[in-house]
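Participant: okay, structure incoming, though there's no sequence with it:
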Ligand SMILES: NC(=O)C1=CN([C@@H]2O[C@H](COP(=O)(O)OP(=O)(O)OC[C@H]3O[C@@H](n4cnc5c(N)ncnc54)[C@H](O)[C@@H]3O)[C@@H](O)[C@H]2O)C=CC1
Ligand SMILES: O=C(O)C(=O)Cc1ccc(O)cc1
């Protein structure tokens, strides 16, 4: 029997989920609603949705699954609108927002109406926005956190997981509070730090613009997420206020400690500060995607001469291994350059490592 999915907010995440649902479900019609008409048109052109709805009401009333994928501030307003709409009694509503406590408080009004709302957060994404960046495999192997309300029947949770099976994500059930505390530390707070590092360099750039030219490699890596959507991150910070204020206070104390170490020239303390961070960082799992996703990267040492990069890519092309991204990390005179190749999955990365080794190219999974 034909089922209808209604996606509200057709950006990077809404679009990627729609594509993931389409590849796994038969007989499904995907309807979309967008406040930005151009994006709605693009979503249709790219076959992300089958139909556009003219209002939330039109799309919601006969939907079997509703996915709210707008920034969390807007998501709250959409939930308020949904409370006043007559929907199928069996409908499941979920969201994809990066915060969960405030969203789940809003969901109380839907629960009171007898509607199932299960909070959701796919823990993968990118600094890119918009439906043109949407990909069906965006969430493969990533964690996908669900925050059901206590009385939600297990069968409804299983039904939602089934709907989302095309994401190939690993589902994890959590309380909204635990969710906001953990994602605050591994995802939200790093975005504040990345933006602050960029601000620091931008202020110097006003006096000496050479800084932008030399801000390469590591600086670009650590601040990539500062290119994310300001609307989305404004809303996240406003939603996760308490967690972030506590983390900022801890960070301030930590920075004072670092300041002291440098001021007193405490070389042992400085060494141990970096060493203990390295030990923990090196021990993080590399195979799974986290809040800051890993892209199945492979770092290849390449001699710094013309042709070496095309040699690597043609070796992989001959073996029919697709590269999803390629970047030269550092190439300097007389120094081996490092090429960062990204692959779609672990299997491609393993095959690439083996065949490059046969051609005397040494490669590493971590740099
Ligand atoms: N970008 C990322 O990496 C991740 C984002 N998220 C969450 O996913 C949600 C969406 O983020 P993205 O897709 O990245 O943003 P996006 O900016 O690519 O897409 C959001 C879309 O929602 C639309 N929109 C805004 N208000 C609307 C409304 N009232 N009705 C209908 N459409 C509306 C916007 O026009 C836009 O096209 C956010 O809540 C974010 O916290 C979750 C995981 C990862
Ligand atoms: O691009 C990145 O590294 C991200 O951090 C993506 C991201 C953004 C928001 C989330 O709630 C989860 C993941």
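Facilitator: On my side now, so go ahead. Quick caveat: nothing in here was measured; it's all calculated off a predicted structure. Numbering: from 1, shown residues only. Ligands and ions are numbered 1, 2, ... in the order given.

Participant: gap between residue 250 and ligand 2?
Facilitator: For residue 250, the distance to ligand 2 equals 20 Å [CB to the nearest ligand atom, to the nearest Å]. Heads up, the C-betas are built off the backbone N, CA and C, glycines and all.

Participant: scratch that, residue 153 is what I was asking about
Facilitator: 27 Å.

Participant: need the contact list for that residue.
Facilitator: For residue 153, the contact set (CB atoms under 8 Å, 6 or more residues apart in numbering) is empty.

Participant: for it, give its distance to residue 241.
Facilitator: 32 Å (CB to CB, to the nearest Å).

Participant: near ligand 1 at all, stretch 8-21?
Facilitator: Yes. Judged by CB under 6 Å from any ligand atom, stretch 8-21 comes into contact with ligand 1 at 8-14.

Participant: between all of those, which two are at the greatest distance?
Facilitator: 8 and 12 (14.4 Å; CB to CB).

Participant: okay, these two: which has more neighbours?
Facilitator: residue 8 (28 against 25; other CB atoms under 10 Å).

Participant: now do the contacts for that one.
Facilitator: So residue 8 contacts 14, 32-33, 56, 59, 66-70, 78 (CB under 8 Å, 6+ apart).

Participant: now these in JSON lines, with secondary structure?
Facilitator: Output for the contacts of residue 8, formatted as JSON lines (DSSP: H, G, I helix; E, B strand; the rest coil):
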{"residue": "14", "secondary structure": "helix"}
{"residue": "32", "secondary structure": "strand"}
{"residue": "33", "secondary structure": "strand"}
{"residue": "56", "secondary structure": "helix"}
{"residue": "59", "secondary structure": "helix"}
{"residue": "66", "secondary structure": "strand"}
{"residue": "67", "secondary structure": "strand"}
{"residue": "68", "secondary structure": "strand"}
{"residue": "69", "secondary structure": "coil"}
{"residue": "70", "secondary structure": "coil"}
{"residue": "78", "secondary structure": "helix"}
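
Participant: for ChimeraX, what selects the buried ones among the residues you listed?
Facilitator: Restricted to buried positions by 16 or more other CB atoms under 10 Å, the ChimeraX selection for the contacts of residue 8 reads:
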select :14,32,33,56,59,66,67,68,69,70,78
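
Participant: in stretch 124-133, what's buried?
Facilitator: 124-126, 129-131, 133.

Participant: go through the contacts of residue 8 and name the one nearest ligand 2.
Facilitator: Nearest to ligand 2, judged by CB to the nearest ligand atom, of the contacts of residue 8 is residue 69 at 11.6 Å.

Participant: report pLDDT for the closest one.
Facilitator: Here, the pLDDT recorded for residue 69 equals 98.

Participant: over to residue 299?
Facilitator: For residue 299, the predicted pLDDT is 86.

Participant: do the same with residue 8
Facilitator: 98.

Participant: with the one 4 residues further on instead?
Facilitator: What the model reports as pLDDT for residue 12 is 96.

Participant: no more questions from me, cheers.
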